[in-house]
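J.: structure, please.
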Amino acid sequence: MSLPTIIATACFLRDKGKTLFVDYSVLHNHPIHDGKHAAPGGKVEASDNSLEEAASREVLEETNIRAYNLIYRGTVLFLNEKRTINGKPMKNNWEVYFYDCHNFDATDARPKEGNLVWVNDDNVLDLPLHEGDRVLWGWMQEYQEFKGEVMHEGDKLTEKRIISGRKLNS
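T.: Presented below is the predicted three-dimensional model:
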């Protein structure tokens, strides 16, 4: 039996070797990200005219930061047929479109779902991240654009694969 797939976006805001993450361990008991750090993002809505618009809207909703000129980086299909989070089975697969953004207005930045933390890119893997997000971060360091899949059984990563990708500096 295949789970329904939710289409979502996430955007990594980047500035001078640092990336913005939402720390979900403080202000919000998020059903998926509780206790973890993640890029701002969420479901694509029917009112969104494009995936890029959805990503910008999610950044604004979660951080009150206006993001401009997003750069598409890749898509990951999170196959959750056998995945659980905190012992609860996932109800959906997630197809997430990831973006980078270097052009944004953070003048009125404020947390809405968790603390906003700027993390040195070299220290991202020290954060409490989902295992699939660790894989994603590695792909973003290796590929200009990519399409991949990640699969879990329970809360353990069991499979990761790049379907297609264009390497950086190629």
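J.: what about stretch 99-107, average pLDDT?
T.: Across stretch 99-107, the average pLDDT comes to 97.
J.: for this structure, just list every one of the helices.
T.: 51-63, 131-142 (DSSP state H).
J.: distance between stretch 43-56 and the chain's centre?
T.: Distance of stretch 43-56 from the chain centroid (Cα atoms, centre = their mean, to the nearest Å) equals 15 Å.
J.: which regions of the protein sit below the pLDDT cut-off?
T.: For the chain, applying pLDDT under 70 flags the ranges 1, 27-34, 170.
J.: hmm, back to that, and the helices of the chain, which is most packed in?
T.: Comparing these by mean neighbour count (mean count of other Cβ atoms under 10 Å), helix 51-63 comes out on top with a mean of 21. Placement of C-beta: from N, CA and C, glycine included.
J.: for that one, packing partners?
T.: Judged by 3 or more Cβ pairs under 8 Å, 6 or more residues apart in numbering; DSSP states H and E, the packing partners of helix 51-63 are strand 5-15, strand 18-23, strand 41-43, strand 66-68, strand 93-101.
J.: the third one pairs with which strands, and in what direction?
T.: Partner strands for strand 41-43, per DSSP bridges, with pairing direction: strand 5-15 (antiparallel).
J.: how about the partner strand: buried residues?
T.: Within strand 5-15, the residues that count as buried by 16 or more other Cβ atoms under 10 Å are 6, 8-14.
J.: what's the most distant pair in these?
T.: The most widely separated members of those, counting by Cβ to Cβ, are 6 and 14 (25.5 Å).
J.: still on that earlier bit, closest one of the buried residues of strand 5-15 to residue 148?
T.: residue 10 (13.8 Å).
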